[in-house]
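1. Next one to model:
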Amino acid sequence: MIKLCVRLVHRWLPEPFIFAIVLTFLAALIAMPLCHQTPIEVVEHWGGGVWNLLAFAMQMALVLVCGSTLAAAPAVGRAIDALARVPRTPSAAIALVTVVSALACWLNWGFGLIVGVIFAKAIARQMSGVDYRLLIASAYSGFVVWHAGLSGSIPLTMATPGESLAVATNGALTSPVPVSQTILEPHNLVMVLLVIVGITLTNTLMHPKQGVVTVDAALLDEGPQEVVDGKENRTPAQRMEHSKLLAWLTAGLLAVYLVLRLGFRGGTLDLGAVIMIFLSLGLLMHGTPVAYVRAFGKAATGASGIILQFPFYAGIMGIITGTGASGICMGTVLADACINISTPTTYPLLTFLCAAVLNLFVPSGGGHWAIQAPIMFTAGADLGVDPGLTGTAIAWGDAWTNLIQPFWALPALAIARLSAKDIMGYCLIDLLVTGVIICGGLLVWAM
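-> Model (predicted):
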């Protein structure tokens, strides 16, 4: 089964950019007959959406580059390498990487997405005989729990008071839904625990007894260390470039702002805060501004996939949400199909599956909220389904198919220097295992 999935994905899954192009044309071909839209309308929807993720694309590029730059600091590298020496066998290494990645993603998805793969790469440098592709796949598989965690965008949006909540849900939610009914609800916490246990066991059992794909040393090479300039005859500009005080002051400025925002202003640990944490710690760990700039420049080459592909996914989102003269949009059609065959017990499960399908085309929590919130919460209220359960079902669906959607794997793949087809075969197995756990958990919760 494992070899079949790996071969299947390796044969049929194209490079992520090609995958995005195929999804673009597929969404267009579906939208025209299903939503009675003309080709011109579809093209306009696509073009109108292309630039809607520019801010988010920049955030994703920065979380990748700043996280990688922090990991390249000598002190951080030594600490990660020390932790990487803990597992003694390949199976133990796979298990530890999976757990570390999943827990980090549950705490904060941007942090976990980077930390998991950096840790996996450190283990590969320390241990021989561990399958590198499976190691990176294990690091990425932990991402499946992110939307059920503390940085889940949909549960946090539901918990935020304001008129925008009622507007987004067509009046179905007039008051906030606390995280105690979504993220911290006992059913959700049990599902998170079971999913982590499930992927840990699955990833460990997938490690081959023979035929291990070891890593090419070139993939682990972080590049030559920069020669430190001598202190003699430095110009005033060079003294500023090598000033530890300037690095510390800049890091302190970022730290003070974060303390004010998170500690005294009621802010959340969102993607912007994670970037600032990576940036401030990176400046401190590298010691001087010029050392940080050099490490940042090396890490920036890995962000090319994000920069290229995000506009195409924004365009796909435009097709999914676009409404032509017919007044019908593709997202609404899919949601309505889910509602029409639902009962109070099956509604959360079908909502989850609907979100999972949409996620292949719109891999964005914000995109899911825009498409599904006006429809799913209203229908859920009519069926008597708790809004916390409806929102959690959407969140799990958004996260689940990330296991086979290369979009979110781009930062991990850039750091690991692998292609999507190298890891997605293993992730397909994780998809099947976690799907059973999540579906069962939602059915139990709804009873």
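
2. And the pLDDT for Gly282?
-> Predicted confidence (pLDDT) for Gly282: 90.

3. host element of it?
-> helix 271-286 (DSSP states H and E).

4. C-terminal to that helix, what's the next element?
-> Next helix or strand after helix 271-286 toward the C-terminus (DSSP H and E): helix 289-300.

5. Run through who's touching that following helix.
-> With C-beta atoms under 8 Å, 6 or more residues apart in numbering as the test, helix 289-300 has contacts from 64-66, 68-69, 72-73, 222-223, 226, 240-243, 246-247, 250, 282-283, 286. Placement of C-beta: from N, CA and C, glycine included.

6. Which entries within these meet the buried criterion?
-> Those of the contacts of helix 289-300 that meet the buried threshold are 64-66, 68-69, 72-73, 241-242, 246-247, 250, 282-283, 286, by 16 or more other C-beta atoms under 10 Å.

7. thinking again about what came up before, can you pull the alpha-carbon coordinates of the helix holding Gly282 into CSV?
-> Below are the C-alpha coordinates for helix 271-286, written out as CSV (Å, rounded to 0.1, in the frame of the first residue of the first chain):
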residue,chain,number,x,y,z
LEU,A,271,1.5,35.3,11.6
GLY,A,272,2.8,38.9,11.9
ALA,A,273,3.8,38.3,15.6
VAL,A,274,5.6,35.0,14.6
ILE,A,275,7.6,36.8,12.0
MET,A,276,8.6,39.5,14.5
ILE,A,277,9.7,36.9,17.0
PHE,A,278,11.8,35.1,14.3
LEU,A,279,13.3,38.4,13.3
SER,A,280,14.2,39.7,16.8
LEU,A,281,15.7,36.3,17.8
GLY,A,282,17.6,36.1,14.6
LEU,A,283,19.2,39.4,15.1
LEU,A,284,20.2,38.5,18.6
MET,A,285,21.5,35.1,17.6
HIS,A,286,23.5,36.3,14.6
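
8. from the contacts of helix 289-300, which ones fall inside helices?
-> Under the assignment DSSP state H, the contacts of helix 289-300 contribute 64-66, 68-69, 240-241, 246-247, 250, 282-283, 286 to helices.

9. Columns distance to Thr174 on top of those residues, output as TSV?
-> Formatted as TSV, the ones in helices among the contacts of helix 289-300 follow (distance: C-beta to C-beta, whole Å):
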residue	distance to Thr174
Leu64	39
Val65	41
Cys66	39
Ser68	44
Thr69	45
Met240	55
Glu241	56
Leu246	51
Ala247	49
Thr250	44
Gly282	43
Leu283	45
His286	49
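
10. By residue count, tell me the biggest helix in this protein.
-> Scanning the chain for the longest helix, with DSSP H as the assignment, gives helix 420-446.

11. Flag every buried residue along it.
-> 420-431, 433-435, 437-439, 441-442, 445-446.
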